[in-house]
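*Asks:* 3D model of this:
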Amino acid sequence: MLVRDLLTEKELGICVRWAPGGILDRRATGAITTDLPDPSRYLESGRILLTGLVWWRADDPSHALDEFVRRLVRAGVAALLAGEAAHGPAPDALVAACRAQGVPLLSVPSSTGFHQVSEYVHRRLSAEEYGRVEGSGLPEELMRRDLTALVSDGVGAGALLEHVAAALSAQRCEIVTTTGRVVASGSPTGSPGQRGTEGSRDRPAVAPVPGPSPLETWWLRVWADRLVPARPLKDAAEVVGLERARSVASRHDHRRSADHLVSALHRTRGDRNPVLTALSACGIPDGAHLSVVTAVLTGPGAEAEWARSALEEALRPAEERPVVGLSPEGTAVGVVSAPPEELLRALHDSWNPLHSALGRGTALYAGVSTPVATADLLPTALAQSRFALGSVSGGGPEGSTVMAAADMRGVGGLLAGLPAEVRRDYHQRTLGGLLEHDRRTGSEFARTLRVFLDQNGSWVGTARALHLHVNTVHYRVRRIEELTGTDMSVLDHRLDLRAALMCG
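*Replies:* Numbering: from 1, shown residues only. You can find the predicted model right below:
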């Protein structure tokens, strides 16, 4: 199949935005649909990429689209098909990027679904592969059509997987998420469908089902007593992707209600009625004990929506339908009715798989409030969760990415929740002269101070820990007092110095 074949199917209504000369004579080996700004992991040479560019905004810098097209070139993509539903005809910046890098750019009208284009590509490739004319009833084509019809009928993921298993002659199929949570499973009608049944392979055949973000990738797993051919497996995964798109679309209203709730929590000052109304719209009854979780994603390319998706996935074991909205500052905020123990267990169990899906350089953090009994206290719980979040995202306990406010005890917990720049400033203002003296002279006054405070001001204990004479300790402490303007006999001064050390 050639890229130009897409223009011959009048029902699709595809037109050229940029493609000079013989560039449309490139061979196409398949089609993939994704709206990720970096779809590299899902691309294969010769594929046609369909995208709605939902991640792109008109005020984004032009180099964002340049980099997007550059990734397609590196992967050897045959052509880029841009849908018109989100932005109308492909934006000029995208046309310029494709022209500069030699990528054919076609436009898909909003009246044409991406699944129709994928279906057409599949039919053409199947006909070519088997040397048959289009419409001759190939088994793979019929399987795909039948499964796609089930998605259109809204049978649900479980029923769809029953038919997938039957079509692939498999004992069992599952859809699992990035964290390993089973979304749905199915076996052919009349089959027990147990994993590991006699005759089935120990390891399933696996195919990815890309989602709106790396954190939302599904995986189709198929257990069969024989090798599952690659083409039918990919076809089945693409049909599961249609079911995935349907489920993503269905969550729109729920997310909007969650956004309204989070907005109400940020605006409310003593008036509980807006919060009660927003809770009711989210299906949360008044009087439930609620905790608030605030999550943030950091690193290159991190998006607030990804943090929301991560938090929704992490909360699934504790909440059937998590309520997670976006705050004005771009954090994800969840309001949770599950008991604190279940909530924290769900977060901790999910966090490592979610981190792995993000890749190097990107991190996910969360802060959890203590539960509150009334809607009036939810803004306080929100503040608690944000403070706990600051303790980990701002350089808190090493390796910790989830912090519960209930675990933030003592001065250390209090200081950890302060913004990193505040802690650095206090550390420098209090100990700057001492640290500069150590740097210039090689003295160890900062170490002496730490040990002296660790020994609760014991001269003998400090001398023993540092292997010094007691008189030397007396001299060093006196110099520390001079350099910091403090008096070690005053408790408040000792607390100031301890806090400054903890902020370093």
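*Asks:* excluding chain neighbours, what is closest to Arg476?
*Replies:* Counting by Cβ to Cβ, 6 or more residues apart in numbering, Arg476 lies nearest to Thr448, which is 4.6 Å off, once chain neighbours are set aside. C-beta: built from backbone N, CA, C; applies to glycine.
*Asks:* which residues of the protein score low on pLDDT?
*Replies:* 127-141, 189-202, 268-270, 394-400, 413, 417 (pLDDT under 70).
*Asks:* all strands in it, in order from the N-terminus.
*Replies:* 15-18, 30-33, 47-51, 79-83, 105-108, 172-176, 182-186, 205-209, 218-223, 291-298, 323-326, 332-336, 363-368, 402-404 (DSSP state E).
*Asks:* how about the longest one: buried residues?
*Replies:* Within strand 291-298, the residues that qualify as buried by neighbour count (16 or more other Cβ atoms under 10 Å) are 291-297.
*Asks:* identify each buried residue in stretch 14-23, please.
*Replies:* 14, 16-19, 23.
*Asks:* one step back: so which of the strands of the chain comes closest to Ala58?
*Replies:* With respect to Ala58, and counting by Cβ to Cβ, the nearest of those is strand 79-83 at 14.2 Å.
*Asks:* partner strands of the closest one, with direction?
*Replies:* strand 47-51 (parallel), strand 105-108 (parallel) (DSSP bridges).
*Asks:* pull the CA atoms of that strand into PDB?
*Replies:* The C-alpha trace of strand 79-83 is given here as PDB (Å, rounded to 0.1, in the frame of the first residue of the first chain):
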ATOM      1  CA  ALA A  79       3.200   9.900   6.700                       C
ATOM      2  CA  LEU A  80       1.400  12.100   9.300                       C
ATOM      3  CA  LEU A  81      -2.400  12.400   9.300                       C
ATOM      4  CA  ALA A  82      -3.700  15.300  11.400                       C
ATOM      5  CA  GLY A  83      -7.300  15.300  12.500                       C
END
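*Asks:* would you format the strands of the chain as a markdown table with distance to Leu142 included?
*Replies:* Listed next are the strands of the chain as a markdown table, based on distance: least, Cβ to Cβ, whole Å:
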| stretch | distance to Leu142 |
| --- | --- |
| strand 15-18 | 30 |
| strand 30-33 | 19 |
| strand 47-51 | 23 |
| strand 79-83 | 25 |
| strand 105-108 | 25 |
| strand 172-176 | 18 |
| strand 182-186 | 19 |
| strand 205-209 | 19 |
| strand 218-223 | 19 |
| strand 291-298 | 43 |
| strand 323-326 | 40 |
| strand 332-336 | 43 |
| strand 363-368 | 43 |
| strand 402-404 | 48 |
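*Asks:* hmm, back to that, could I get the strands paired with strand 79-83 as JSON lines with distance to Glu444?
*Replies:* Listed next are the strands paired with strand 79-83 as JSON lines, based on distance: least, Cβ to Cβ, whole Å:
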{"stretch": "strand 47-51", "distance to Glu444": "60"}
{"stretch": "strand 105-108", "distance to Glu444": "65"}
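*Asks:* what residue spans form the domains of the chain?
*Replies:* 3-120, 141-250, 252-412, 420-502 (automatic domain parsing).
*Asks:* which one of the strands of the chain lies nearest to Leu414?
*Replies:* Smallest distance to Leu414 across the strands of the chain (Cβ to Cβ): 12.7 Å, for strand 402-404.
*Asks:* rewinding a little: Ser126: which of the domains of the chain is closest?
*Replies:* Closest among these, using Cβ to Cβ: domain 141-250, at 5.2 Å.
*Asks:* check the offset of the closest one from the chain's centre.
*Replies:* 23 Å (Cα atoms, centre = their mean, to the nearest Å).
*Asks:* quick one on the thing from earlier: now tabulate the strands paired with strand 79-83 in a markdown table and tack on mean neighbour count and distance to Leu382.
*Replies:* Shown next, in a markdown table, are the strands paired with strand 79-83 (neighbours: other Cβ atoms under 10 Å; distance: least, Cβ to Cβ, whole Å):
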| stretch | mean neighbour count | distance to Leu382 |
| --- | --- | --- |
| strand 47-51 | 23 | 36 |
| strand 105-108 | 22 | 42 |
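*Asks:* among those strands, which is nearest Gly412?
*Replies:* It's strand 47-51; of the strands paired with strand 79-83, that one is closest to Gly412 (Cβ to Cβ) at 47.4 Å.
*Asks:* what about that closest one, distance to the chain center?
*Replies:* With Cα atoms, centre = their mean, you get 23 Å for strand 47-51.
*Asks:* neighbouring contacts of it?
*Replies:* Residues outside strand 47-51 that contact it (Cβ atoms under 8 Å, 6 or more residues apart in numbering) are 3, 6, 28-35, 39, 43, 72, 75, 77-83, 108, 114, 117-118, 121.
*Asks:* cutoff 6 Å now
*Replies:* 28, 30-33, 35, 77-81, 114, 117 (Cβ atoms under 6 Å, 6 or more residues apart in numbering).
*Asks:* from those, pick the one nearest Ser489.
*Replies:* Among the contacts of strand 47-51, and counting by Cβ to Cβ, the member closest to Ser489 is Asp35, at 65.3 Å.
*Asks:* okay, the closest residue in space to that closest one that isn't next to it in sequence and Glu305: tell me how far apart.
*Replies:* Counting by Cβ to Cβ, 6+ apart, the nearest residue to Asp35 once its immediate chain neighbours are dropped is Val54, at 4.7 Å. Distance from Val54 to Glu305, counting by Cβ to Cβ, to the nearest Å: 10 Å.
*Asks:* again, but for Glu84
*Replies:* 22 Å.
*Asks:* now swap in Asp235 and tell me
*Replies:* 29 Å.
*Asks:* and Ala96, how many neighbours?
*Replies:* Per other Cβ atoms under 10 Å, the neighbour tally for Ala96 reads 15.
*Asks:* contacting residues around it?
*Replies:* Contacts of Ala96 by Cβ under 6 Å, 6+ apart: none found.
*Asks:* returning to that earlier point: in JSON lines: the buried residues of stretch 14-23, plus distance to Val411.
*Replies:* As requested, those are exported to JSON lines (distance: Cβ to Cβ, whole Å):
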{"residue": "Ile14", "distance to Val411": "65"}
{"residue": "Val16", "distance to Val411": "66"}
{"residue": "Arg17", "distance to Val411": "61"}
{"residue": "Trp18", "distance to Val411": "62"}
{"residue": "Ala19", "distance to Val411": "65"}
{"residue": "Ile23", "distance to Val411": "66"}
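*Asks:* just to revisit the earlier point, higher neighbour count, Asp235 and Glu305?
*Replies:* Neighbour totals were compared for Asp235 and Glu305, and Asp235 leads with 24 against 18 (other Cβ under 10 Å).
*Asks:* my guess is that one meets Leu142, correct?
*Replies:* No - between Asp235 and Leu142 there is no contact under Cβ atoms under 6 Å: 10.8 Å.
*Asks:* list residues touching both of the two?
*Replies:* Counting by Cβ under 6 Å, 6+ apart, Asp235 and Leu142 have no common neighbour.
*Asks:* and the residue nearest to Asp35, how many neighbours?
*Replies:* 15.
*Asks:* same check, this time on Arg316
*Replies:* Around Arg316 there are 17 residues (other Cβ under 10 Å).
*Asks:* excluding its backbone neighbours, what's nearest it?
*Replies:* Arg181 (5.8 Å).
*Asks:* sorry, back to before: can I get the domains of the chain in a markdown table with distance to Ser126?
*Replies:* Formatted as a markdown table, these follow (distance: least, Cβ to Cβ, whole Å):
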| stretch | distance to Ser126 |
| --- | --- |
| domain 3-120 | 11 |
| domain 141-250 | 5 |
| domain 252-412 | 32 |
| domain 420-502 | 57 |
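*Asks:* how close does the closest residue to Ser443 other than its chain neighbours get to Leu466?
*Replies:* Computed as Cβ to Cβ, 6+ apart, the closest residue to Ser443 that is not its neighbour in sequence is His437, at 6.2 Å. Here His437 is placed at a distance of 17 Å from Leu466 (Cβ to Cβ).
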